[in-house]
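Peer 1: need the 3D shape of this:
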Amino acid sequence: QVQLMESGGGLVQAGGSLRLSCAASGGTFSNYRMAWFRQAPGKGREFVARVSPSGGVTDHADSVKGRFTISRDNAKNTVYLQMNSLKPEDTAVYYCAAKGGGWSTEATHYAYWGQGAQVTVSS
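Peer 2: Numbers count the residues shown, from 1 in each chain. I've put the predicted structure just below:
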């Protein structure tokens, strides 16, 4: 079983950048597909990006494509989300998640979750 902990959230002005990190422990990190989701107040959990176990394949939601980049470092048991050109509508709690098995953008398919990191983008 893997435990996940996010860091790197905060308050930034529109157009700015942040990098989120998610450190994993308690499992074989390189076995897991990793993803980032976000949840804004009053809304459901939204897929942001995912990365394959090796890091060689990534996928990003259309709303963040070209601005956000997911990556992972299996030697450090860490997945990252580099967020550039941030917009006020990116304001949300960001969660990292892990799963075994197949490729998915559905939150309900992910078994392991971090506690979340708040990202607030001011206009």
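Peer 1: every contact and neighbour count from this point should use C-alpha atoms.
Peer 2: Will do.
Peer 1: the spatially most central residue of the chain and S123, how far apart?
Peer 2: Residue closest to the average C-alpha location in the chain (CA atoms, centre = their mean): W36, at 2.3 Å. Applying CA to CA, to the nearest Å, the value for W36 to S123 is 24 Å.
Peer 1: and for A117?
Peer 2: 20 Å.
Peer 1: and these two? which has more neighbours close in?
Peer 2: A117 (21 against 11; other CA atoms under 10 Å).
Peer 1: show the pLDDT at the more buried one.
Peer 2: Note for A117: predicted pLDDT of 98.
Peer 1: in which helix or strand would I find L11?
Peer 2: strand 10-13 (DSSP states H and E).
Peer 1: what strands flank that strand, and is each parallel or antiparallel?
Peer 2: strand 117-122 (parallel) (DSSP bridges).
Peer 1: pLDDT weak spots in the chain?
Peer 2: Of all residues in the chain, none has pLDDT under 70.
Peer 1: got the residue ranges for the strands in it?
Peer 2: 3-7, 10-13, 18-25, 33-39, 45-51, 58-60, 68-73, 78-83, 92-99, 112-113, 117-122 (DSSP state E).
Peer 1: how many neighbours does the closest residue to A23 other than its chain neighbours have?
Peer 2: Leaving aside its chain neighbours, A23 sits nearest to T78 (4.5 Å; criterion: CA to CA, 6 or more residues apart in numbering). By other CA under 10 Å, 20 other residues sit near T78.
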